[in-house]
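Undergrad: the sequence and its predicted three-dimensional model are supplied below.
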Amino acid sequence: QQQVKQSPQSLIVQKGGISIINCAYENTAFDYFPWYQQFPGKGPALLIAIRPDVSEKKEGRFTISFNKSAKQFSLHIMDSQPGDSATYFCAASILSGGSNYKLTFGKGTLLTVNP
Amino acid sequence: NAGVTQTPKFQVLKTGQSMTLQCAQDMNHEYMSWYRQDPGMGLRLIHYSVGAGITDQGEVPNGYNVSRSTTEDFPLRLLSAAPSQTSVYFCASSYGAVLGVGELFFGEGSRLTVL
């Protein structure tokens, strides 16, 4: 059972454009939704995260939009740059559930930003 | 600050051989975990630990063993390597384990090929 579904698998955007990656989840107990960024040959690194008590969180050019009723969240990258080219993973976990220690990842989106 | 250190970075095994992937962190994190990353499959949790002496299975534990004798180290053992275990393995740690998994800090990965 895939608990976090991510789309698209790959995305090509021109420099200066907006990149949008979507995720949907099934478990309504999830209360922590991070996005990870992975460059080739490196481990993933936390980019930005949101809790369900807010609908949007912005850090620089990166914004998470969260729709609790639809059980969806998305990553928007404004003014995309070639340096943003990487694989992006959404994830979900239960941060205040006591005994749940698993961060469930989506399958990833390979973003390519053309100069 | 070293963070999460994985060794070796590359390894080639023959079917049936055993080996241990090493993981060490210097951040005094309670939570440590092992993921495997395969094309189109995202990151899948193998085993995790919420403290010294405590381990549990993740999503894909078969063929792997772990132990946690110290806070710093969390080795992953392949008992009898199979071609299906060809993958990139990531160790990750997190500061909190009482309430659940927060930000994960990843190592740079160990690329394993089983012939």
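TA: Thanks, I have the structure now.

Undergrad: and the closest residue to residue B:87 other than its chain neighbours, what helix or strand is that in?
TA: Once flanking residues are discounted, residue B:87 sits nearest to residue B:36: 4.4 Å by Cβ to Cβ, 6 or more residues apart in numbering or on different chains. Using the backbone N, CA and C atoms, a C-beta is placed for each residue, glycine as well. Residue B:36 is part of strand B:31-38, with elements assigned from DSSP states H and E.

Undergrad: for the helix or strand just after that strand, C-alpha coordinates in PDB please.
TA: Per DSSP H and E, the first helix or strand lying C-terminal to strand B:31-38 is strand B:42-51. Presented in PDB, the C-alpha positions along strand B:42-51 are these (Å, rounded to 0.1, in the frame of the first residue of the first chain):
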ATOM      1  CA  GLY B  42      11.800   6.100  -3.900                       C
ATOM      2  CA  LEU B  43      13.300   5.600  -0.400                       C
ATOM      3  CA  ARG B  44      12.100   2.400   1.400                       C
ATOM      4  CA  LEU B  45      12.800   1.900   5.100                       C
ATOM      5  CA  ILE B  46      14.700  -1.300   5.900                       C
ATOM      6  CA  HIS B  47      15.200  -1.100   9.700                       C
ATOM      7  CA  TYR B  48      15.300   1.500  12.300                       C
ATOM      8  CA  SER B  49      16.300   2.100  16.000                       C
ATOM      9  CA  VAL B  50      15.000   4.500  18.600                       C
ATOM     10  CA  GLY B  51      17.900   4.000  20.900                       C
END
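
Undergrad: which parts of strand B:42-51 are buried?
TA: B:42-50 (16 or more other Cβ atoms under 10 Å in any protein chain shown).
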